[in-house]
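A.B. asks: Just need the structure, nothing else, for what follows:
(chains A and B)
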There are 2 protein chains.
Amino acid sequence: MDPSPTDPESPPSSPQRRGLLVVLSSPSGAGKTTISRLLMAADPAITMSVSATTRPMRPGEVDGHDYQFVDDARFQNMVEASEFAEYATVFNHRYGTPAAPVRAAVEAGRDILFDIDWQGARQLEASMDKDLITIFLLPPSIAELERRLRARGTDNEAVIASRMQRAADEIDHWAEYNYVLINEERDICLAQVRTIIAGERLKRSRQSGLNDFVRTLVSPA
Amino acid sequence: MDPSPTDPESPPSSPQRRGLLVVLSSPSGAGKTTISRLLMAADPAITMSVSATTRPMRPGEVDGHDYQFVDDARFQNMVEASEFAEYATVFNHRYGTPAAPVRAAVEAGRDILFDIDWQGARQLEASMDKDLITIFLLPPSIAELERRLRARGTDNEAVIASRMQRAADEIDHWAEYNYVLINEERDICLAQVRTIIAGERLKRSRQSGLNDFVRTLVSPA
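C.D. replies: Got it, this is the predicted structure:
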């Protein structure tokens, strides 16, 4: 889990840091899922947040890995017990991020990636602002976005029209994010996301080991 | 001056950005001067701020390049006309950063590096907070700091003792900086500084071209 000592993002003398919460949002078709997958493959310190959901499990999904599958009553209990860092209803199913494992990851120096929309990002900012960064991916053009949606070959015209409308609504919120990238070339976009995360890890406020280091520096044992 | 399109720090479709003001502080001997020199050599978008000073010009120095050399009366006029973004007195000579060229650089998308101490950093934060980031370099140990000061071979014991005291005072202010790096290996430290700058350039607030880009995206001509 620990980055190697020659990794520029990890100061060799300061191993201890707080984890980082990274929200990656984009309209459907702007590459968020691909970038997320590549990011986690490239950096073992980053894992995806596991949401609780009331939607039925699909073939191939694993409870506790893809989602934590719960019934409506259990979900409602979690809402009332303030166990969620954010939650929302999408197409009649409820989705939420349990706060406790996220807080535990941050304390342990692990980074968590969130694949959520602007409404989820707003809720997370309200509850976990200090550990959170938000990144929005824009498509290079609307024509390219539509081309990517059509290239999937799974949706009919009505679904594509509805996705395009939803994409426009999502893009409307680009200015609420800390970082905004134009995903024109996948590898450049991935490198930019990694650069942002590497830089954020070097912030003084995230380097929980620095206090001890400076104490040793100023008053050697 | 423009970064190449394959540079991960420069989104190909978003060429316009505000410049970044980078303060690099460290105790004497922690490597600030070397890192600054290597940073500017590696990245032509970054130049060093040129201070005004009342100290006499030394052989080899060029007016307007190393410093803007002014007399006491002129310096005092500049202070009274609020022309400085920060100024200080060091060993009976006055040093100050004229604000106008710094503001012009930011508007033109050029980055400026400041080699100043914590007092200068505080003044710059007060006047230019939104465009400023501050980075503090710590030595890996006090013994290493003293070794580096002695390795210069230019100072007697009294001067070294006074530099060590000054270093301790400077280190006292590490927690006022946005980023803190331990300069154990020069090349890792340089890579970290470059990562921080590349990440900061990707912040939405610095990408002044994004507004126009999103307008074109949502309503193509």
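A.B. asks: Now the residue in chain A that chain B sits nearest to: closest residue in space that isn't a chain neighbour?
C.D. replies: Residue nearest to chain B within chain A: A:Gly199 (2.8 Å; Cβ to the nearest Cβ). Glycine gets a C-beta too; all of them are placed from N, C-alpha and C. Spatially, and ignoring its direct neighbours in sequence, A:Gly199 is nearest to B:Gly199 (2.8 Å; Cβ to Cβ, 6 or more residues apart in numbering or on different chains).
A.B. asks: quick one: that neighbour and A:Arg201 touch, right?
C.D. replies: No: contact criterion Cβ atoms under 8 Å: B:Gly199 and A:Arg201 do not qualify, at 9.7 Å.
A.B. asks: what about the helix or strand containing A:Ala191, distance to the chain center?
C.D. replies: If you go by DSSP states H and E, A:Ala191 is part of helix A:186-201. Helix A:186-201 has its C-alpha centroid displaced from the chain centroid by 13 Å (Cα atoms, centre = their mean, to the nearest Å).
A.B. asks: One more: stretch A:102-114?
C.D. replies: 11 Å.
A.B. asks: Name the residues of it that are buried.
C.D. replies: A:102-103, A:105-106, A:109-114 (16 or more other Cβ atoms under 10 Å in any protein chain shown).
A.B. asks: Which residue lies nearest the spatial centre of chain A?
C.D. replies: A:Phe114 (2.3 Å; Cα atoms, centre = their mean).
A.B. asks: Test for you: state the pLDDT assigned to it.
C.D. replies: For A:Phe114, the pLDDT comes out at 95.
A.B. asks: What of the one 4 residues further on?
C.D. replies: Per-residue confidence for A:Trp118 comes out at a pLDDT of 91.
A.B. asks: Over to A:Pro5?
C.D. replies: 37.
A.B. asks: Show the contacting residues for A:Tyr179.
C.D. replies: A:133-136, A:196, B:199, B:202-204 (Cβ atoms under 8 Å, 6 or more residues apart in numbering or on different chains).
A.B. asks: just curious, which of those residues is nearest to A:Asp172?
C.D. replies: Nearest to A:Asp172 among these, counting by Cβ to Cβ, is A:Phe136 at 11.0 Å.
A.B. asks: all strands of chain A, in order?
C.D. replies: A:21-25, A:46-48, A:51-53, A:67-69, A:84-90, A:93-98, A:111-114, A:132-138, A:179-182 (DSSP state E).
A.B. asks: If we go by neighbour counts, what in the second one is buried?
C.D. replies: Applying a neighbour-count criterion of 16+ other Cβ under 10 Å, one finds A:46, A:48 buried in strand A:46-48.
A.B. asks: Give me the neighbour count for A:Arg204.
C.D. replies: A:Arg204: 18 surrounding residues under other Cβ atoms under 10 Å in any protein chain shown.
A.B. asks: count of neighbours near A:Val62?
C.D. replies: A:Val62, neighbours per other Cβ under 10 Å, totals 9.
A.B. asks: Check the separation of the first and last residues in stretch A:104-124.
C.D. replies: 15 Å (Cα to Cα, to the nearest Å).
A.B. asks: and it, does that touch chain B?
C.D. replies: No: applying Cβ under 8 Å from any Cβ of the partner chain, one finds stretch A:104-124 separated from chain B by no less than 13.0 Å.
A.B. asks: I'd like the distance from that stretch to the chain centre, please.
C.D. replies: So, by Cα atoms, centre = their mean, the centroid of stretch A:104-124 is 6 Å from its chain's centroid.
A.B. asks: sorry, back to before: helices or strands next to the helix holding A:Ala191 in the packing?
C.D. replies: Packed against helix A:186-201 by the contact rule (3 or more Cβ pairs under 8 Å, 6 or more residues apart in numbering or on different chains; DSSP states H and E) you find helix A:32-42, strand A:132-138, strand A:179-182, helix B:186-201.
A.B. asks: now the angle from the longest one to strand B:132-138?
C.D. replies: Here helix B:186-201 runs at 160 degrees with respect to strand B:132-138, directions being taken by axes from the mean of the first three to the mean of the last three Cα atoms, to 10 degrees.
A.B. asks: Name the residues of helix B:186-201 that are buried.
C.D. replies: Result for helix B:186-201 [16+ other Cβ under 10 Å]: buried residues B:188-201.
A.B. asks: Pick the most buried one from the strands of chain A.
C.D. replies: strand A:179-182 (a mean of 26; mean count of other Cβ atoms under 10 Å in any protein chain shown).
A.B. asks: CA-only coordinates of stretch A:189-203, as CSV, when you get a sec.
C.D. replies: Below are the C-alpha coordinates for stretch A:189-203, written out as CSV (Å, rounded to 0.1, in the frame of the first residue of the first chain):
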residue,chain,number,x,y,z
CYS,A,189,-6.5,13.2,-18.9
LEU,A,190,-5.4,10.3,-16.7
ALA,A,191,-1.9,11.9,-16.2
GLN,A,192,-3.6,15.1,-15.2
VAL,A,193,-5.8,13.4,-12.7
ARG,A,194,-2.7,11.6,-11.2
THR,A,195,-0.8,14.9,-11.1
ILE,A,196,-3.7,16.6,-9.2
ILE,A,197,-3.8,13.8,-6.7
ALA,A,198,0.0,13.7,-6.3
GLY,A,199,0.0,17.4,-5.7
GLU,A,200,-2.8,17.3,-3.2
ARG,A,201,-1.1,14.6,-1.2
LEU,A,202,1.8,17.0,-0.6
LYS,A,203,-0.3,19.6,1.1
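A.B. asks: what stretches of chain A score poorly on pLDDT?
C.D. replies: A:1-15, A:220-221 (pLDDT under 70).
A.B. asks: now do 90
C.D. replies: A:1-16, A:28-31, A:90-92, A:115-117, A:127-129, A:142-167, A:208-209, A:211-212, A:215-221 (pLDDT under 90).
A.B. asks: quick one: which of the helices and strands packed on helix A:186-201 is nearest B:Tyr95?
C.D. replies: helix B:186-201 (23.0 Å).
A.B. asks: relative orientation of that closest one and strand B:21-25 in degrees?
C.D. replies: Using the same axes, to 10 degrees: helix B:186-201 against strand B:21-25 is 150 degrees.
A.B. asks: residues contacting the closest residue to A:Pro27 other than its chain neighbours?
C.D. replies: Nearest non-adjacent residue to A:Pro27, counting by Cβ to Cβ, 6+ apart: A:Ala167, 3.3 Å away. Counting by Cβ under 8 Å, 6+ apart, A:Ala167 touches A:27-30, A:145.
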